[in-house]
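Chemist: A predicted structure for the sequence below; I have some questions about it.
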Amino acid sequence: MIIGIPKEIKNNENRVAITPSGVSFLAKGGHDVLVEANAGIGSGFANEEYSAAGAKVIDTAKEVWDTSEMIIKVKEPLSSEYGFFRKGLILFTYLHLAAEKELAKALTDKGVTSIAYETIEVNGKLPLLTPMSEVAGRMAVQIGAQFLEQPHGGKGILLAGVPGVKRGNVTIIGGGIVGTNAAKIAIGLGASVTLLDLNPERLRELDNQFGASLNTVISNPANIEEAVIGADLVIGAVLIPGAKAPKLVTEEMVKKMSPGSVIVDVAIDQGGIFETVDHITTHDNPTYVKHGVVHYAVANMPGAVPRTSTIALTNVTIPYAWQIANQGAVAAIESNYAIKQGVNTFDGHITYAPVAKGLGFEYTPVQEVINSLSTTIV
Ligand SMILES: NC(=O)C1=CN([C@@H]2O[C@H](COP(=O)(O)OP(=O)(O)OC[C@H]3O[C@@H](n4cnc5c(N)ncnc54)[C@H](O)[C@@H]3O)[C@@H](O)[C@H]2O)C=CC1
Ligand SMILES: CC(=O)C(=O)O
């Protein structure tokens with residue numbers, strides 16, 4: 001198969017979808033890998049390393065998109081890339097379509113086979129989301145600590161406190177991968193940490209893992225309000241796979257937070273959990289202040305630590321890319337349930353139920369679409 005790796009174009013997105021060792025693996029398997037010139041520079045991988053690994057380095061994004069049967073990316077295509085879509089093209093990347101109506105429309109209008117990293121599922125877990133959630137969870141605390149500093153607009157507190165001065169309060173909403181990693185770092189910094197989740201079993205596991213250094217609280221509106229109002233830093237880490245994130249923190253709650261507190265809405269890629277987060281921010285301009293509270297809502301946080309993130313991401317994506325490249329999309333979808341769960345659009349249909357519901361579009365199971373096709377699709 002011809003596999004294309006365009007350079008990422010989102011603001012400060014320095015990750016790349018494949019490392020030179022990933023290229024070598026695919027190339028040795030007989031696949032042609034086209035890498036756009038300088039796609040790996042931000043992650044510290046030079047064009048020459050890709051060439052040496054067996055890739056063909058291509059000057060323009062257009063040539064990469066137009067020549068490839070499968071495009072592997074990191075982030076969702078931006079509108080300037082929609083013109084490259086065509087029927088049967090396989091797109092393997094993060095998509096977060098529940099928060100991206102125009103993209104969902106463009107993918108279905110053009111009949112792209114889009115396979116989203118974040119909905120590939122194995123035993124109820126999301127293995128292609130996990131490493132980036134680990135990165136973002138760990139980053140959320142260091143970013144929050146930075147914006148609590150007065151020169152960065154915060155109230156001027158040190159999360160760790162010092163002898164004789166109390167520690168800062170960190171509230172984490174959602175106790176999955178992001179939440180657990182945020183808790184680990186916040187506890188390590190010496191903050192007083194409260195974590196809320198809907199799932200009592202998850203809270204039990206976290207209680208066993210962190211002991212008395214973590215307050216675990218069941219998530220409901222009253223408990224969220226209490227934990228948010230008393231916090232210096234609130235981290236949004238909720239996920240309902242594929243679906244738009246629920247707005248759990250209301251504007252009234254944010255108004256009651258003390259001035260100079262900080263919100264880091266990691267779940268912004270699925271729409272965010274704070275009513276007061278009304279737009280996605282960027283690494284260039286990461287925060288805004290509303291009701292005296294600093295809001296951070298960057299949807300590609302791992303893009304700021306690209307070397308770590310690229311290696312962590314490609315560790316988990318390459319085996320799936322390998323299977324899709326070897327078998328073609330239809331056979332890979334039919335033979336691997338994890339890949340089937342990743343398919344968000346196929347032949348003009350939305351094939352992932354929570355995305356369809358979130359966008360108000362019709363849902364068609366991918367197997368139904370495949371069965372209805374009389375012609376063979378790659
Ligand atoms: N902004 C960024 O750069 C990045 C964002 N993310 C996003 O972070 C979010 C969280 O991801 P993960 O931790 O991997 O998900 P996860 O599935 O591991 O954890 C989500 C947790 O939310 C809990 N939850 C669901 N409804 C809840 C409610 N009403 N109240 C409290 N907890 C609730 C679930 O029980 C689960 O424990 C996702 O939207 C993910 O895409 C991940 C990586 C980077
Ligand atoms: C999960 C995701 O969207 C990211 O790492 O950018």
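Modeler: Right, received. Where do you want to start? Ligands and ions are numbered 1, 2, ... in the order given.
Chemist: from M139, how far out is the closest residue to ligand 2 within the chain?
Modeler: When you check the chain against ligand 2 by C-beta to the nearest ligand atom, the closest residue turns out to be M132, at 3.4 Å. The C-beta positions use only the backbone N, C-alpha and C, and glycine is treated the same way. Noted for M132: a distance of 10 Å to M139, by C-beta to C-beta, to the nearest Å.
Chemist: picking up where we left off before, for the residue of the chain closest to ligand 2, which non-adjacent residue is spatially closest?
Modeler: In space, and not counting its chain neighbours, M132 is closest to P302: 4.9 Å by C-beta to C-beta, 6 or more residues apart in numbering.
Chemist: which ones are touching that neighbour?
Modeler: P302 makes contacts with R15, M132, V135, A136, M139, T308, S309, L313, as judged by C-beta atoms under 8 Å, 6 or more residues apart in numbering.
Chemist: change it to 7 Å
Modeler: Taking C-beta atoms under 7 Å, 6 or more residues apart in numbering, we find P302 in contact with R15, M132, V135, A136, S309.
Chemist: now do T287
Modeler: So T287 contacts F147, G153, T281, V294, H295, Y296 (C-beta under 7 Å, 6+ apart).
Chemist: from those residues, which two are the most distant?
Modeler: G153 and T281 (13.0 Å; C-beta to C-beta).
Chemist: around ligand 2, pick out the residues from the chain.
Modeler: Near ligand 2, the residues belonging to the chain are K75, Y94, H96, L129, M132, D269, N300, P302 when assessed by C-beta under 6 Å from any ligand atom.
Chemist: give me the neighbour count for the closest residue to L373 other than its chain neighbours.
Modeler: In this structure, L373 finds its nearest non-sequential neighbour in D347, 6.8 Å apart by C-beta to C-beta, 6+ apart. Neighbourhood size, D347 [other C-beta atoms under 10 Å]: 18.
Chemist: from G40, how far off is D347?
Modeler: For D347, the distance to G40 - C-beta to C-beta - is 32 Å.
Chemist: do the same with Y363
Modeler: For Y363, the distance to G40 - C-beta to C-beta - is 37 Å.
Chemist: which of the two has more neighbours?
Modeler: Between Y363 and G40, G40 has the larger neighbour count (other C-beta under 10 Å), namely 28 against 15.
Chemist: the residue lying closest to the more buried one once chain neighbours are set aside and A53: what is the separation?
Modeler: Nearest non-adjacent residue to G40, counting by C-beta to C-beta, 6+ apart: V16, 4.6 Å away. From V16 across to A53, the span is 13 Å (C-beta to C-beta).
Chemist: okay, helices next: where are they in the chain?
Modeler: For the chain, the helices defined by DSSP state H occupy 20-28, 47-53, 61-67, 101-110, 130-147, 177-189, 200-210, 221-229, 251-255, 306-327, 329-335, 337-342, 353-359, 366-372.
Chemist: next up, the contacts around the nearest residue to K247 once chain neighbours are set aside.
Modeler: Take K247 and drop its neighbours on the chain: the residue closest to it by C-beta to C-beta, 6+ apart is E275, 5.0 Å away. E275 sits next to K247, V249, T250, E251 when contact means C-beta under 7 Å, 6+ apart.
Chemist: quick check on the residues of the chain next to ligand 2: which are buried?
Modeler: Neighbour counting with 16 or more other C-beta atoms under 10 Å marks K75, Y94, H96, L129, M132, D269, N300, P302 as buried within the residues of the chain next to ligand 2.
Chemist: any idea how far N11 is from the first one?
Modeler: The one in question is K75. From K75 to N11 the distance is 10 Å (C-beta to C-beta).
Chemist: could you pull up the residues touching D269?
Modeler: Residues near D269 by C-beta under 7 Å, 6+ apart: H96, A99, A299.
Chemist: run the last query once more with 10 Å
Modeler: When contacts are counted by C-beta atoms under 10 Å, 6 or more residues apart in numbering, D269 touches 75-76, 94-96, 98-100, 118, 129, 132, 136, 239, 245, 280, 297-301.
Chemist: same question for K7.
Modeler: K7 neighbours (C-beta under 10 Å, 6+ apart): 13-14, 16-17, 35-42, 60-61, 64, 73.
Chemist: likewise for A136?
Modeler: 129, 143, 177-178, 181-182, 235, 237, 264, 266-267, 269, 298-302, 304-305, 309.
Chemist: and the closest residue to it other than its chain neighbours, how far from G179?
Modeler: Spatial nearest neighbour of A136, excluding adjacent residues (C-beta to C-beta, 6+ apart): M301 at 4.4 Å. For M301, the distance to G179 (C-beta to C-beta) stands at 14 Å.
Chemist: can you select the buried ones from the contacts of K7 in PyMOL?
Modeler: Of the contacts of K7, the buried ones go into a single PyMOL selection, burial set by 16+ other C-beta under 10 Å:
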select buried, resi 13+14+16+17+35+36+39+40+42+61+64+73
